[in-house]
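In: Pasting the sequence and the predicted model now:
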Amino acid sequence: MLRLSGVESFYGASQVLFGIDLEVGAGEVATLLGRNGMGKTTTVRAILGLTPPRQGEIALDGQRLDGLPPYRIARAGIGLVPEGRHVFPTLSVRENLIATARGGGWTEERVFALFPRLSERAGQRAGTLSGGEQQMLAIGRALMTNPRLLILDEATEGLAPLIREEIWRCVEALKADGQAILLIDKNIDALLRLADRHHIIEKGRIVWTGGSAELAADEALRHRYLGV
Ligand SMILES: Nc1ncnc2c1ncn2[C@@H]1O[C@H](COP(=O)(O)OP(=O)(O)OP(=O)(O)O)[C@@H](O)[C@H]1O
């Protein structure tokens, strides 16, 4: 489904990604793990065409994405829930969902079924929602674009444990539904439970790829690259 090979990206003259190989299979939940500043967000920006790769390839279901402008990449089927939420604060919950809607299986009703809290607040201005509710709305809004691949960048950061669990339940439901997802998050225990495939990034390079059982069993690896 999504495949990055040898992706190198720069901010001006400063190289940040040194050959990223990453894969998310159809219906798979994959992760990108690593400490702060290792290049996770830059990898997401490379996928979206915001920090376009100077080397390497990015393909979605065989279609090359690298070199396309960001709006074409989004339209090709990449949905992003960015770090820090970014819902439209003066629009209502319902208006936020409608704003990004594009024909497909996801409707307002389905998003409300996934997050009943949002349905109770459908007419409320998004800026007045709690942080957790805004995050649910950000996920709902990304789903309304009917993405082939959904990317969650630090979706549970700063959320209370109960709300975090609710986000993980949503990811689980989406996975059961066959949605391909790329997760970036610090909650390794949840990721071990949910994900099929993990990638560890260190200073702009993927240094390890494997499944949850291998990662769970390798304490030295987790300690070395993730500090946990
Ligand atoms: N706009 C920018 N200009 C120059 N360098 C940048 C820019 N954004 C990030 N960097 C640098 O690129 C490197 C990778 O940053 P990136 O944000 O991708 O890391 P990250 O793994 O997502 O970390 P975090 O979890 O802290 O967000 C860091 O060394 C960072 O300082």
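Out: In hand now; what should we look at?

In: Only alpha carbons, please: show the helix or strand that contains residue 150 as PDB.
Out: Following DSSP states H and E, the helix or strand that holds residue 150 is strand 149-153. Extracted C-alpha coordinates of strand 149-153, given in PDB (Å, rounded to 0.1, in the frame of the first residue of the first chain):
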ATOM      1  CA  LEU A 149      -4.000   5.500   4.400                       C
ATOM      2  CA  LEU A 150      -4.600   7.400   7.700                       C
ATOM      3  CA  ILE A 151      -1.600   8.900   9.500                       C
ATOM      4  CA  LEU A 152      -1.800   9.800  13.100                       C
ATOM      5  CA  ASP A 153       1.100  12.000  14.300                       C
END
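
In: C-terminal to that strand, which secondary structure element comes first?
Out: helix 161-176.

In: Let me see the mean pLDDT of that next one.
Out: Average pLDDT, helix 161-176: 93.

In: what comes into contact with that helix?
Out: Contact with helix 161-176 is made by 27, 29, 114-115, 130-132, 135-136, 139, 143, 150, 152, 155-156, 159, 181, 183, 187, 190, 193-194, as judged by C-beta atoms under 8 Å, 6 or more residues apart in numbering. (Each C-beta comes from the backbone N, C-alpha and C, glycine too.)

In: same thing with stretch 203-216?
Out: Outside stretch 203-216, the residues within contact range by C-beta under 8 Å, 6+ apart are 15-23, 38-39, 42, 191-193, 195-201, 221-222, 225.

In: if we can go back for a sec, can you tell me which of the contacts of helix 161-176 end up in strands?
Out: 29, 150, 152, 181, 183 (DSSP state E).

In: follow-up on the earlier one: out of the contacts of stretch 203-216, which are buried?
Out: Buried by 16 or more other C-beta atoms under 10 Å: 16-17, 20, 22, 38-39, 42, 191-192, 195, 197-201, 222, 225, out of the contacts of stretch 203-216.

In: contacts with the ligand among those, please.
Out: For the ligand, the contacts drawn from those by C-beta under 6 Å from any ligand atom are 16, 38-39, 42.

In: Could you pick out which of the residues you listed are located in helices?
Out: In helices, judged by DSSP state H, the following of these are found: residue 42.

In: circling back to that earlier point, make JSON lines out of the ones in strands among the contacts of helix 161-176 and add pLDDT.
Out: Formatted as JSON lines, the ones in strands among the contacts of helix 161-176 follow (pLDDT from 0 to 100):
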{"residue": "29", "pLDDT": "97"}
{"residue": "150", "pLDDT": "97"}
{"residue": "152", "pLDDT": "96"}
{"residue": "181", "pLDDT": "98"}
{"residue": "183", "pLDDT": "97"}
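
In: most neighbours, which of those residues?
Out: Neighbour tally across these (other C-beta atoms under 10 Å): the maximum, 27 neighbours, falls on residue 152.

In: For the closest residue to it other than its chain neighbours, give me its contacts.
Out: Nearest residue to residue 152, sequence neighbours excluded (C-beta to C-beta, 6 or more residues apart in numbering): residue 81, at 4.8 Å. With contact set as C-beta under 8 Å, 6+ apart, residue 81 has these partners: 135, 138-139, 142, 150-153, 155.

In: Tell me the confidence at residue 84?
Out: In this prediction, residue 84 carries a pLDDT score of 82.

In: Where does pLDDT dip in the protein?
Out: Across the chain, nothing is flagged by pLDDT under 70.
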